[in-house]
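> A structural model of the following input is requested.
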Amino acid sequence: MRFGVLGPLAVWTSEGRPVRIPEAKVRALLADLLAQRGRPVSADRLIDDLWGEEPPGNPANTLQTKVSQLRRALERAEPGGRELVAFEPAGYVLRAGDVDAEQFTASLARSRATDDPLAKAGLLADALALWRGPAYTDFSDADFARSAAAGLAEQRLTALEEQAEVRLALGDHSLLADELTPLVAEHPLRERLRAAHLRALYRSGRQSEALAGFDEVRRALAEELGLDPGPELAALHQAMLTQDPELAPAVPPVTSAVRPRPRLPAPISALVGREEQVAAVRELLASARLVTVTGPGGVGKTRLALAVAAESPDDAWLVELAALRAGGVAEVADVVAGVLGVRDEIAERGHPAELADRLADALRGHRMLLVLDNCEHLVEPVAELALLLLRAAPGLRILATSQEPLAMAGESVHQLGTLGPGEAADLFRARAGNTLDADDEKWVTAICARLDGLPLALELAAARVRTLGVRGVAERLDNRFELLSATTRGLPARQRTLRAVIDWSWDQLDRKQRAALCVLAVHPGGCLPEASGVRLDLLEQLVNRSMVVAEPQASGQMRYRLLESVAAYCLDRLDDAGEVLGRRDAFYADLVRQADLYGPAQRHWLQRLDQEWPNLRAVLDHAADPDLTIRLAWYWYLRGKHSEGHRRLSAVRDDTEAALWAQGFALLTGRPAADRVPTTGASPRARWFLALAHLHLGESAHAGKLIDGALADFRAAGDEWGTAAALASRTKQALFEGDFVLAERSGTDSLALFAALGDRWGRLQAADMLGYLAEITGDYERAARLHRDGLRHAEELHLWVDASYRLASLGRIALLTGDLDRAEEFHERGLRLATEQSSPFAVEFARMGLALGGRRSGDLDGAERHLREALAWHRRVADEHGTPHYGVTLVLAELGFLAEQRGDAVQARAWHLEGLTAATALGDPRAIALAREGLAGAAALVGSVEEAEALLAEAAALRESAGAPLPAAERGDVTRIEARIRGAVPRPSAGHARGRSG
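Numbers count the residues shown, from 1 in each chain. Prediction:
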């Protein structure tokens, strides 16, 4: 996690994604902790800093709430984030490892430790680039930030003065004079700053302005402070008056063979996201005399090389070879000699073939860095010339850029990949003008992914934002070559459009290489060699040319893929599409037939299908294959791709099996109930799957008939997996109906069968049901153990929806055992996973846990917010399916208890009556008992003691008859109601009892 205070308060993940910290007081809390730089801050001081003379009613609890909100925001952004805000005996402390203010001071320290002016200039530039505005901009009026902000501002001014002095030493005075003018006007009494400005003016030939500047500062010092200029400023004034030769800028010496060093091309915009790569190449050059930066076209090889060359302690020269379309060593040497300015001296001294030798003679004795740019079409002559020059000139180092290595002895290769998601988004925002808002972020993410983080493509796309908007750009990427075809001025012709970039690379390939590339293009997820049928030698050639990305797999095999833009280009050029696509479709259909998702190989095959999913999707899109679609149904279920399963299976016509699976997926995704599909002729597994979906909605009666039929067929066929699955579903049905003896027996048998079969998913399901049963009976230790086992299996299989349920279930156990902080953490993690997986049922299960925790911790407003959102969702599901979801009874009960705690008897009674109606419709005795307990609370609130006692007695009898008396950990509401009946809890006034309903 990265924190920024050098400007408005900002937080980023370690990947560079911005983190939203909600609410002003939570942001102020974070800023306060950052201002203390790792020192603990007492609760009393934080309360005073945040609220001053107007503290909240319960300041300690309110502060704790703000701390929890901050921890949640950090954890939501990045796992482990909540641990950054710690509580110690001395108070709260932020354990932040990456704060821009600390980076700034560290860079300053390093700059002061070096005597190398170029290195010093680079370090100072890096330090000052961290500033986005005045420190703690949004807390400038807060006392807690004032001292820290002032100290950082002083350090920044000192750094600017040091930078000005280094730039003067390097001869950079003309631009510096103008750049310092506004800074001097803002800080007119800083003598060191003024001295740098006067020197820059004088060396730029503006002596009269420099003398006038001295008079200005002399008057200001006298009027403001009653002082004369210091000795350094006075001596500088005298030197300017006498035109001291030492004030003149140094002139670099002229060598006999190589002309004075020209400036490298100045970058028009900042290099984004390549700091580590610049450092890596610089380190390679420190130990190797030839370094080649390789990578695909448009990845930024030239920009990286220029950034490295700009920091070189030796003279650096750029030789651009793209314009030389063909030639040998003599032609390449001629271009190099022209750039270095030595061609006139040697070109007439012999045959052109001798030019390379004479160039080597001219460089002997010089120290320099030679950047040979765009060598991919001249690899052999460039390698030959590089070897000759390096042998002749020991002080020479060569930095080459090429889509493939030069493949010569002593070469160090740096493979430059595309930008990661965070860096790609940073580059896109920077080139789009940084005018994007929060609503644009999802489109930025999509653009960066579709363009594979390729810098040039991102820059071309960002240029279209002004006319199309971010969403408009994202929605047009299917036609990317037209979208990114607007000519960009200032770039070489080969880089002005996306198509031109790939054209340049395509032109370097032979016929077989082009054909192989087109075959790979029909595999959007990349592929193993056997899937493509392309020879290994061709694959290696394409990898070496940076046209194909080779990715090592855990199995030891290599997987080959194309950047999406390269694949789109190749698909446009694919001639024999029918044959190529037919081979691909047959390969993946056979793979799915081999896949076994029902036993000990389940984990392997899930990973294999995950890996091939983009390719499988392409196969399904290309040609309808009912058999393949039905075979993938269980994979879609396990991976939580319920919407995709519904869409694909619904498209299969006149097939009962597919229709049954499609109906099950419709129920799982909360879609409106379709007409019932006849089950006759469908397999037992399809019928069982439909039962599973009905159970998901709490429809135990309809599910029961399907389970009975499927279980009988499974047993008759000797299908042990089907038998275990049906028993797990029977366990869930029995739990709904309150038959805990049947639930225990069915769950235990199911778990034993799945364990013998080696099916982890099945063990997870059976253990989950047994865990809920243990929770109902108050055996929390067993429940936690079963849910932890289930979470482990879910994580091993990457079943993230199941993992979300298990996390939330562990949160429920933490609630029941009184660990509210741990409960909140589990539920937050579960909610985040469910949201990422777009699973509405899992989202509501986790959100309900947060509501339960909020009411128990006293955060009634937060609990009510969660409950009302949950109720709206449950009512929507009930409207669509014509029956209440089983979870609605708990939501209504919680809303009723919450209203009772606020003294609102009327609203409490209304909620509990609605809950009783839903519970009766579902036939759940425990839910009916819960509603009666709630009605008892509403009655006790208005003094109806006899009614309250009778309702509690009815509820207790119901629970006993179901074999599930209320465990001690769940008796909190009943205990409160009993105390009110006895008069131990004061009865609110009539007006208070009416509350918001009165």
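
> Low-confidence ranges, the stretch 301-450 of the chain, go.
Counting by pLDDT under 70, the ranges of the stretch 301-450 of the chain that qualify are 342-354, 434-435.

> Return the set of buried residues in the longest helix along the chain.
The residue-count maximum for a helix in the chain (DSSP state H) belongs to helix 143-169. Within helix 143-169, the residues that count as buried by 16 or more other CB atoms under 10 Å are 144-145, 148-149, 152, 155-157, 159-168. Where C-beta positions appear, they are placed from N, C-alpha and C, glycine not excepted.

> go on, stretch 382-396?
Neighbour-count burial for stretch 382-396 [16+ other CB under 10 Å]: 382-390, 392-393, 396.

> How about the contacts made by Asp572?
Phe481 (CB atoms under 8 Å, 6 or more residues apart in numbering).

> any idea how far Gln541 is from it?
According to CB to CB, to the nearest Å, Asp572 stands 22 Å off from Gln541.

> list the helices and strands the helix or strand hosting Ala234 packs on?
Of the helices and strands defined by DSSP states H and E, Ala234 is found in helix 231-241. Judged by 3 or more CB pairs under 8 Å, 6 or more residues apart in numbering; DSSP states H and E, helix 231-241 is in contact with helix 191-203, helix 207-225.

> so which of those is the most packed in?
helix 191-203 (a mean of 23; mean count of other CB atoms under 10 Å).

> ok so Phe3 is a strand residue?
Yes: according to DSSP: H, G, I helix; E, B strand; the rest coil, Phe3 belongs to a strand.

> following whichever strand or helix holds Ala279, which helix or strand comes up?
Using DSSP H and E, Ala279 sits in helix 275-287. In the C-terminal direction, the helix or strand that comes right after helix 275-287 (DSSP H and E) is strand 290-294.

> Which residues outside the helix or strand following that following strand are in contact with it?
Using DSSP H and E, the next helix or strand after strand 290-294 towards the C-terminus is helix 301-310. In this structure, residues lying in contact with helix 301-310 by CB under 8 Å, 6+ apart are 264-265, 267, 271, 274, 277-278, 281-282, 285, 293-295, 316, 318, 369, 371, 373-374, 399, 401-402, 416, 455.

> returning to what we had before: next, the buried residues of the helix holding Ala279.
Buried residues in helix 275-287 (16+ other CB under 10 Å): 277-278, 280-282, 284-285.

> Can you get me a residue count around Gly410?
For Gly410, the neighbour count with other CB atoms under 10 Å is 11.

> Would you agree Gly422 is in contact with Arg2?
No: shown here, Gly422 and Arg2 do not form a contact pair, counting by CB atoms under 8 Å, at 10.1 Å.

> Give me the common contacts of those two.
Common neighbours of Gly422 and Arg2 (CB under 8 Å, 6+ apart) are 12-13, 16.

> So which residues of this structure form strands?
Counting by DSSP state E, one finds strands in the chain at the ranges 2-4, 10-12, 85-88, 91-94, 98-99, 290-294, 315-320, 368-373, 396-402, 411-415, 549-552, 558-561.

> May I see these organised as a markdown table, with distance to Trp51 added?
Formatted as a markdown table, the strands of the chain follow (distance: least, CB to CB, whole Å):
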| stretch | distance to Trp51 |
| --- | --- |
| strand 2-4 | 23 |
| strand 10-12 | 23 |
| strand 85-88 | 19 |
| strand 91-94 | 15 |
| strand 98-99 | 25 |
| strand 290-294 | 55 |
| strand 315-320 | 57 |
| strand 368-373 | 59 |
| strand 396-402 | 58 |
| strand 411-415 | 54 |
| strand 549-552 | 54 |
| strand 558-561 | 55 |
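
> dump the residue contacts of Glu102.
Arg37.

> Any figure for the gap between it and Ala109?
Glu102 is 11 Å from Ala109, by CB to CB.

> Ok, Asp357 next?
Asp357 is 49 Å from Ala109, by CB to CB.

> which residues make contact with stretch 208-215 from outside it?
184, 194, 197-199, 201-202, 229, 233, 236-237, 240-241.

> and what of stretch 34-49?
Stretch 34-49 is contacted by residues 3, 5, 9, 28-29, 32-33, 55, 59-60, 63, 88-96, 99, 101-102, 136, 142-145, 147-148 when judged by CB under 8 Å, 6+ apart.

> For it, buried residues please.
34-36, 40-41, 46-47, 49.

> so what pLDDT did Cys518 get?
Reading off the confidence values, Cys518 has pLDDT 93.

> how many neighbours does it have?
22.

> so what's it up against?
Taking CB under 8 Å, 6+ apart, one finds 570-571, 573-575, 580 in contact with Cys518.

> What separation is there between Pro384 and Glu411?
If you look again at residue 384, you'll see it is Glu, not Pro. 13 Å.

> actually Pro524, sorry about that
From Pro524 to Glu411 the distance is 34 Å (CB to CB).

> Out of the buried residues of stretch 382-396, which is nearest to Arg685?
Nearest to Arg685 among these is Ala383, at 62.0 Å by CB to CB.

> Quick check: closest non-adjacent residue to that closest one.
Leu406 (4.2 Å; CB to CB, 6 or more residues apart in numbering).

> From Ala550, how far out is the one you found?
Counting by CB to CB, the gap from Leu406 to Ala550 is 19 Å.

> Repeat that for Ala814.
Distance from Ala814 to Ala550, by CB to CB: 46 Å.

> More neighbours: which of the two?
Ala814 (22 against 14).

> quick one: Ala337 and Ala360 touch, right?
No: applying CB under 8 Å as the test, Ala337 and Ala360 come out as separate, 10.5 Å apart.

> Please say which of those two ends up with more neighbours.
Neighbours were counted for Ala337 and for Ala360 using other CB under 10 Å; Ala337 has more, 22 against 18.

> now that one: how far from Ala330?
10 Å.

> So for the two, which residues contact both of them?
Joint contacts of Ala337 and Ala330 (CB under 8 Å, 6+ apart) are Leu355.

> count of residues packed around Pro79?
Per other CB under 10 Å, the neighbour tally for Pro79 reads 11.

> Also Asp437?
Neighbours of Asp437 (other CB under 10 Å): 7.

> Same question for His366.
With other CB under 10 Å as criterion, His366 counts 17.

> Phi first, then psi, for it.
Phi and psi for His366, reported as degrees, to the nearest 10, are phi -100, psi 150.

> wait, it sits on Ala392?
No: contact status for His366 versus Ala392: not in contact, 10.6 Å apart, counting by CB under 8 Å.

> Select only the buried ones of the shared contacts of Gly422 and Arg2 in ChimeraX?
Buried residues among these (16+ other CB under 10 Å), as a ChimeraX selection:
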select :12,16
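
> Quick check: of the shared contacts of Gly422 and Arg2, which lies closest to Val801?
Nearest to Val801 among the shared contacts of Gly422 and Arg2, with distances taken as CB to CB, is Thr13, at 23.4 Å.

> re the thing from before, turn the buried residues of helix 275-287 into JSON lines, including pLDDT and distance to Ser208.
As requested, those are exported to JSON lines (pLDDT from 0 to 100; distance: CB to CB, whole Å):
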{"residue": "Gln277", "pLDDT": "93", "distance to Ser208": "47"}
{"residue": "Val278", "pLDDT": "93", "distance to Ser208": "42"}
{"residue": "Ala280", "pLDDT": "93", "distance to Ser208": "49"}
{"residue": "Val281", "pLDDT": "94", "distance to Ser208": "46"}
{"residue": "Arg282", "pLDDT": "92", "distance to Ser208": "43"}
{"residue": "Leu284", "pLDDT": "93", "distance to Ser208": "49"}
{"residue": "Leu285", "pLDDT": "92", "distance to Ser208": "45"}
